[in-house]
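Participant: Test case, fold it:
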Amino acid sequence: MAAEITILIAEDHPVFRLGLRQIIEEEPGLKVLAEAGDGEQAMDLLLRRPPQVAVLDIDMPVTDGLAMARRIRDLGIDTAVILLTGHKNERLFNAALDEGVRGFILKDCAATEIVTGIRVVASGKSYITPLLTDFLLNRGRSARASSLAHPELATLTPTELKVLRSIADFKSSKQIADDLFISVRTVDRHRANIAAKLKLSGSNALLQYAQQHVSLLKPSA
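Facilitator: Here you go, the predicted model:
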């Protein structure tokens, strides 16, 4: 018999959260370990007993779903994240994928898609609400165009790209570290790696490059 897929639900609307739990627990092989009404409580529960899948509302109070996904990734926790949103927002969609989120589901579709989404992301694949296929296609086109025009950017990791975007916004290493939940030393190491990959030298070279290519670094609107 296959092992159960364990799940954490974080959603600040109790009725919606209860509905999700009922749908999930009706399915064989799925087990809800815990549920929370805000991101801070959810993160505490997740650190105590990491589930295989975390279903997170993107608009939660205290700590939102996107910030939680970022922290899960940066801590190296082996939990696949599904973000729930009520907004068809391409910027949020791209930001979520940049954070390593494996699932992105519209709340209007959650009742019919959440079980499939959980099973798909638990298997190591990605699940995106079919209504957002255009966002996925746009992301692919943008990535291909950017890699053709500026192949050096394709050598950067997702985290290095986020650091470079923050540099373009004139953020200090301390501000970047706070935003990404990493140490200043780690940010400085990313800066050095980015400069090496882009073959940049000089104290302001990284900032100048980021400013010159800021339109390519920003996620699609």
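Participant: Which SSE is immediately downstream of the helix or strand of the chain with the lowest mean pLDDT?
Facilitator: Lowest on mean pLDDT, DSSP states H and E among the helices and strands of the chain sits helix 133-149, with a mean of 53. Per DSSP states H and E, the first helix or strand lying C-terminal to helix 133-149 is helix 158-168.
Participant: Between the two ends of stretch 190-204, how far is it?
Facilitator: Chord length of stretch 190-204, first to last residue, is 15 Å (C-alpha to C-alpha, to the nearest Å).
Participant: which residues sit in contact with residue 167?
Facilitator: For residue 167, the contact set (C-beta atoms under 8 Å, 6 or more residues apart in numbering) comprises 176, 191, 206, 207, 210. For every residue, glycine as well, the C-beta is placed using N, CA and C.
Participant: one more time with 6 Å
Facilitator: Contacts here follow C-beta atoms under 6 Å, 6 or more residues apart in numbering; on that basis residue 167 touches 206, 207, 210.
Participant: quick one: it and residue 90, what's the gap?
Facilitator: 23 Å (C-beta to C-beta, to the nearest Å).
Participant: repeat for residue 6
Facilitator: Distance, residue 6 to residue 90, using C-beta to C-beta: 31 Å.
Participant: can you check residue 111 too?
Facilitator: The spacing between residue 111 and residue 90, counted by C-beta to C-beta, is 24 Å.
Participant: ok, now residue 67?
Facilitator: 19 Å.
Participant: and if you look at residue 210?
Facilitator: Taken as C-beta to C-beta, the span from residue 210 to residue 90 is 22 Å.
Participant: what's the domain layout of the chain?
Facilitator: Split into domains by automatic domain parsing, the chain comes to 5-135, 150-217.
Participant: Am I right that residue 198 is in contact with residue 153?
Facilitator: No. With contacts counted by C-beta atoms under 6 Å, residue 198 stays clear of residue 153, the gap being 8.2 Å.
Participant: Tell me how many other residues crowd residue 212.
Facilitator: Neighbour count for residue 212, taken as other C-beta atoms under 10 Å: 10.
Participant: cool, and residue 81?
Facilitator: Residues within reach of residue 81, counting by other C-beta under 10 Å, total 25.
Participant: For it, identify the helix or strand it belongs to.
Facilitator: Going by DSSP H and E, residue 81 is part of strand 80-85.
Participant: Quick check: buried residues in the helix or strand following that strand?
Facilitator: Under the assignment DSSP H and E, the closest C-terminal helix or strand after strand 80-85 is helix 90-98. Across helix 90-98, burial judged by 16 or more other C-beta atoms under 10 Å covers 90, 92, 93, 94, 95, 96, 97, 98.
Participant: Leaving out sequence neighbours, find the closest residue to residue 73.
Facilitator: residue 100 (4.6 Å; C-beta to C-beta, 6 or more residues apart in numbering).
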